[in-house]
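**Q** sequence first, then the predicted structure, then my questions.
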Amino acid sequence: MYSKRSPGRAQGAASYAKVGLESDVLSASPHRLILLLFQGADTAIGAALVYMQDGNAAEKGRAISRALDIVNNGLAAALDLEQGGQLAVQMASLYDYIARQLLNANLKNDSTPLLEARKLLEDLASAWREVDPGRQHS
């Protein structure tokens, strides 16, 4: 079914999903991009929890690093501290706390800080969905 040069079924599905995500990112509004970052962080933390449970320290570390990258270089970097005022400052502080929880989880191999970081990000994502500028309000 597949030639020796084509990727296997799982790799093909992953490539297809990556193209789908890239298409979503390229066509996304700024609001949607933040939601995609929240989704990516959640996925990375979920993977880290699985790897932690399986005892796979290397993959756990990679997954936590992905989550940290999203929090620090995506979510926190997207804040406009000048125009966002006190709310943006508080969000920056919260992202810093989340990043420290992720680091703590990795260093201590402890799922509790991972779960806390995940819950905080879920709460923020939920609030972000509520303020969708494209959503119809009644």
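**A** Thanks, I have the structure now. Numbering: from 1, shown residues only.

**Q** isn't Thr112 up against Ala105?
**A** Yes: the pair Thr112 / Ala105 is scored as a contact, 7.5 Å apart, by C-beta atoms under 8 Å. Where you see a C-beta, it was placed from the backbone N, CA and C, and this is true even at glycine.

**Q** these two: which is more packed in?
**A** Applying other C-beta atoms under 10 Å to Thr112 and Ala105 shows that Ala105 carries more neighbours, namely 25 against 11.

**Q** against which helices or strands is the helix or strand that the more buried one is a member of packed?
**A** Counting by DSSP states H and E, the element that carries Ala105 is helix 81-108. The contact analysis (3 or more C-beta pairs under 8 Å, 6 or more residues apart in numbering; DSSP states H and E) places helix 81-108 against helix 30-54, helix 57-70, helix 111-130.

**Q** that older thread, quickly list what's touching both of Thr112 and Ala105.
**A** Here Thr112 and Ala105 have no joint contacts, going by C-beta atoms under 8 Å, 6 or more residues apart in numbering.

**Q** grab the nearest non-local neighbour of the residue positioned nearest the centre of the chain.
**A** Taking C-alpha atoms, centre = their mean, the centroid of the chain lies closest to Ala41, which sits 1.4 Å from it. Sequence neighbours aside, Ile70 is the residue nearest to Ala41 in space, at 4.4 Å (criterion: C-beta to C-beta, 6 or more residues apart in numbering).

**Q** report pLDDT for the one you found.
**A** At Ile70, the model reports a pLDDT of 97.

**Q** ok, the one 10 residues further on next?
**A** Per-residue confidence at Asp80 stands at 92 (pLDDT).
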